[in-house]
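S.K.: here you go, sequence then predicted model.
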Amino acid sequence: MSREFAIEARGLTKRFGDLVAVSQLDLDVPRGEIYGFLGPNGSGKSTTIRMLCGLLMPSDGKALVLDTEVPGDARRLKPRIGYMTQKFSLFGDMTVLENLQFIAEIYSYPRRERATRIEELLERYSLRDQRRQLAGTMSGGQKQRLALACAVLHRPELLLLDEPTSAVDPQSRRDFWSALFRLAEAGTTILVSTHYMDEAERCHRLAILDRGVKVADGTPTELQAGTGMHVVEVTSNDPYHAQLVIADIAAVASVTQLGVRLRVLIPDSENNPVELVEDAMHAANLDTHAELSTASLEDVFVAVTLDPQSRAA
Amino acid sequence: MKSLSRILAVLRKEVRQLRRDRLTFGMVVGLPVMQMLLFGYAINTDVRNLEAAVADQAGTHLSRQFVAELAQTQVIDIVDRAATPEQLETLLRQGAISIGVYIPPDFDRRVVDGTRAAAHLLVDGSDPTILGVANQLRVMPFGFDAGGAAVAAPQALEVRPYYNPERRTPVNIVPGLMGVILTMTMILFTAVAIVRERERGNLELLINTPVSSLELMIGKVVPYILIGMVQLALILAVGRLLFDVPVRGSVVDLYLAAMAFIAANLSLGLFISTAARTQFQATQITVFILLPSILLSGFMFPFKGMPEVAQWLGEVLPNTHFIRLTRGIMLRDAALGELLGEMAYLVGFAAVAMTAAALRFTKRLD
């Protein structure tokens, strides 16, 4: 049906008893892009990914994944998608090589090409020296590379990654992302969930989830431009008191402290946001410097996850 | 073709993991041998050396001869002497002895007379086994050599045991024990098999691969059928070497019966595995099935002697049918053809349990 989108979801909903984990989610993931799910723990990222690969039955709504109805035809879909679970799910009591061999066999990867493919993956994901090591004894970064190698072994068209970098150090995270970009360049669509802002910034496009609801989506630039908020950056030698004073201003939607700087979000409807802040500071006898800034993704996240009341203010 | 290669992939994985899992691997070999030794030596209903005391108020040549013959049977071990039956009762109450032998003063006349019991056995009836032994003693023929003329004491019954003329417990225990050991190990191995992967998180990966429920089940069961066969051989060997238990019927028949039984247990284990959430739960359910398999299957108590409700429950258990098969084939030289009903039950049980397991195991997390 669609050459344009790898995933199209409409009204996707998942309830666990009284808890609504995902509510009325619409999603369009363009082919060949890295699409990010940004949201705190419990925002419904994992549940959505699991519904998309047929692991969970949606309570409502439906999704078209690689032109296949989910959950209807999940079985036909399996050979075409790769899935990396949040928790390490390979066999800890088998070696790196044995795990890769098992995956190759279970996906019926052509027998003649298995050995070459596995060597290629060991090389690309720097696992050559660990090939005889039991997977359970490896470091977090090594486990994550093995998991990615196993998820892409059968050359899936769509890769679903559930918080792949939550257990690894910053260097491993950078390496991991360059691997993802290589895969995307080769035409793989990647859906990745994260709660790191810097990772979200690397995605071609992302959706922000909050308590099961998609509160915003678009490219990072679009999101940064469309917050509907002024961002005022305030520098003060007494940031603690400055924060209290600014939070008291009726028009201010939120204040976040970053070291000695404060990021203040004020709705677009306010004409002179900088003056507003400076006046309040002077009235409180606080020395200050305020200037307009461009929204970072973190500001976007704060802006879209504000509860409706403070947004209206 | 792809399906077969996926089954083989699961199978190879299971074997690889099993090889590294020393505890389970040890259980494969250790459990049958240990159970055989424990049950073979400890569960011994041939009671010997029961502690006894004698109150001989006759004190004649004949009475001394009688006591000597009793002692020679080795069933009782005379540890004490008493003067009166009251003293015997005291010893009995104190638990110092299990059997008291009271010989009244007119013992010689009673023997010759033959109308009244010549001697009394005072028995601790709280243990039915001891009571049984006493009953055996009662009917034991005693030949008395009374002053040249041989006097035969009244002989109530003559017991002639078939199939196990030496009355050795292991001969009866070992064929049943095979069923108990296989029930324990086979159900446990597979009951834990899928739950373990759920706990370790492997399941989420597995169900995202193209492997189907049935392929996964078959791949997991096949290695354990082989293990079951190895265990069977081990039990037979230990039974033969240590307890001299015969296989009078066909070994092929025995293995065929065992195959059906192993398949039934593995399928049941898989079913448990789809129902349990943790390995601990799976183990508990296994014990829950193991206990009646020991108590109600005819392994411990004669099946027909059990209350009717217990018999109904027993009929459901695969072990009940397997024990009938093994006792038939090993001890009575029965052919499998004569026991087709039992065999059919096991095959049917395996098919139903396997189907139920595959149906219950959905490739989803909710």
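M.R.: Everything's here; your move.

S.K.: and the closest residue to residue B:116 other than its chain neighbours, what helix or strand is that in?
M.R.: In space, and not counting its chain neighbours, residue B:116 is closest to residue B:110: 5.3 Å by CB to CB, 6 or more residues apart in numbering or on different chains. C-beta here means a position set from N, CA and C on the backbone, and glycine is covered the same way. Assigned by DSSP states H and E, residue B:110 falls within helix B:107-113.

S.K.: secondary structure class for the closest residue to chain A within chain B?
M.R.: Closest residue of chain B to chain A, CB to the nearest CB: residue B:9 (3.4 Å). Classification of residue B:9 by DSSP: H, G, I helix; E, B strand; the rest coil places it in helix.

S.K.: once you drop chain neighbours, what's closest to the residue of the stretch 51-200 of chain A found nearest chain B?
M.R.: Distances between the stretch 51-200 of chain A and chain B by CB to the nearest CB are smallest at residue A:105, namely 3.4 Å. Nearest non-adjacent residue to residue A:105, counting by CB to CB, 6+ apart: residue B:9, 3.4 Å away.

S.K.: do residue A:11 as well
M.R.: Once flanking residues are discounted, residue A:11 sits nearest to residue A:61: 3.4 Å by CB to CB, 6+ apart.

S.K.: could you do residue A:69 as well?
M.R.: With CB to CB, 6+ apart, the residue lying closest to residue A:69 is residue A:62, at 6.7 Å.

S.K.: next, count neighbours for residue 211.
M.R.: This is for chain A. Using other CB atoms under 10 Å in any protein chain shown, the number of residues around residue A:211 comes to 15.

S.K.: look at chain B instead
M.R.: Per other CB under 10 Å, the neighbour tally for residue B:211 reads 22.

S.K.: contacting residues for it?
M.R.: Going by CB atoms under 8 Å, 6 or more residues apart in numbering or on different chains, residue B:211 touches A:106, B:6, B:9, B:10, B:219.

S.K.: what's the most distant pair in those residues?
M.R.: Comparing every pair within the contacts of residue B:211 by CB to CB identifies A:106 and B:219 as the most remote, at 9.7 Å.

S.K.: helix or strand right after the helix holding residue B:110?
M.R.: Later in the chain than helix B:107-113, the nearest helix or strand by DSSP H and E is strand B:120-123.

S.K.: by contact count, what packs against whatever helix or strand comes next after that following strand?
M.R.: For strand B:120-123, the succeeding helix or strand toward the C-terminus, using DSSP H and E, is helix B:128-138. Applying 3 or more CB pairs under 8 Å, 6 or more residues apart in numbering or on different chains; DSSP states H and E, we find helix B:128-138 packed against strand B:99-103, strand B:120-123.

S.K.: again, only using 7 Å
M.R.: The contact analysis (3 or more CB pairs under 7 Å, 6 or more residues apart in numbering or on different chains; DSSP states H and E) places helix B:128-138 against strand B:120-123.

S.K.: convert the C-alpha atoms of the strand it packs on to CSV, please.
M.R.: Presented in CSV, the C-alpha positions along strand B:120-123 are these (Å, rounded to 0.1, in the frame of the first residue of the first chain):
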residue,chain,number,x,y,z
HIS,B,120,1.3,-65.2,72.2
LEU,B,121,2.9,-62.5,70.2
LEU,B,122,2.5,-59.0,71.7
VAL,B,123,2.8,-56.6,68.9
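
S.K.: all helices for the chain, in order.
M.R.: You didn't pick a chain, so chain A it is. A:45-52, A:74-77, A:96-106, A:111-124, A:140-152, A:170-185, A:197-202, A:220-225, A:239-247, A:273-283, A:297-304, A:308-312 (DSSP state H).

S.K.: please refer instead to chain B.
M.R.: Under DSSP H, chain B gives helices at B:2-20, B:22-42, B:61-72, B:85-94, B:107-113, B:128-138, B:169-200, B:202-206, B:213-243, B:251-275, B:279-295, B:308-316, B:318-331, B:340-360.

S.K.: how far away from the center of its chain is the shortest one?
M.R.: This points to helix B:202-206. 39 Å (CA atoms, centre = their mean, to the nearest Å).

S.K.: then stretch B:9-23?
M.R.: That offset, for stretch B:9-23, works out to 31 Å (CA atoms, centre = their mean).

S.K.: for that stretch, which positions count as buried?
M.R.: B:9, B:10, B:11, B:12, B:13, B:14, B:16, B:17, B:18 (16 or more other CB atoms under 10 Å in any protein chain shown).

S.K.: pull up the distance across stretch B:209-217, start to finish.
M.R.: End-to-end distance of stretch B:209-217 (CA to CA, to the nearest Å): 14 Å.

S.K.: oops, could you answer that again for stretch A:212-225 instead?
M.R.: Start to finish, the residues bounding stretch A:212-225 are 24 Å apart (CA to CA).

S.K.: now it: average pLDDT?
M.R.: For stretch A:212-225, mean pLDDT rounds to 92.

S.K.: close to chain B: what parts of chain A are there?
M.R.: Selection of chain A residues close to chain B by CB under 7 Å from any CB of the partner chain yields A:50, A:53, A:55-57, A:78-79, A:83, A:85, A:87-91, A:93-94, A:98, A:102, A:105-108.

S.K.: where does the stretch 1-150 of chain A have low pLDDT?
M.R.: Low-confidence segments of the stretch 1-150 of chain A (pLDDT under 70): A:1-2.

S.K.: just give me the lowest mean pLDDT stretch among the helices of chain B.
M.R.: Taking the mean pLDDT of the helices of chain B, helix B:128-138 comes last: a mean of 70.

S.K.: what are the buried residues along that one?
M.R.: B:130, B:131, B:133, B:134, B:137.

S.K.: against residue B:121, how distant is residue B:83?
M.R.: As for residue B:83, its distance to residue B:121 is 18 Å (criterion: CB to CB, to the nearest Å).
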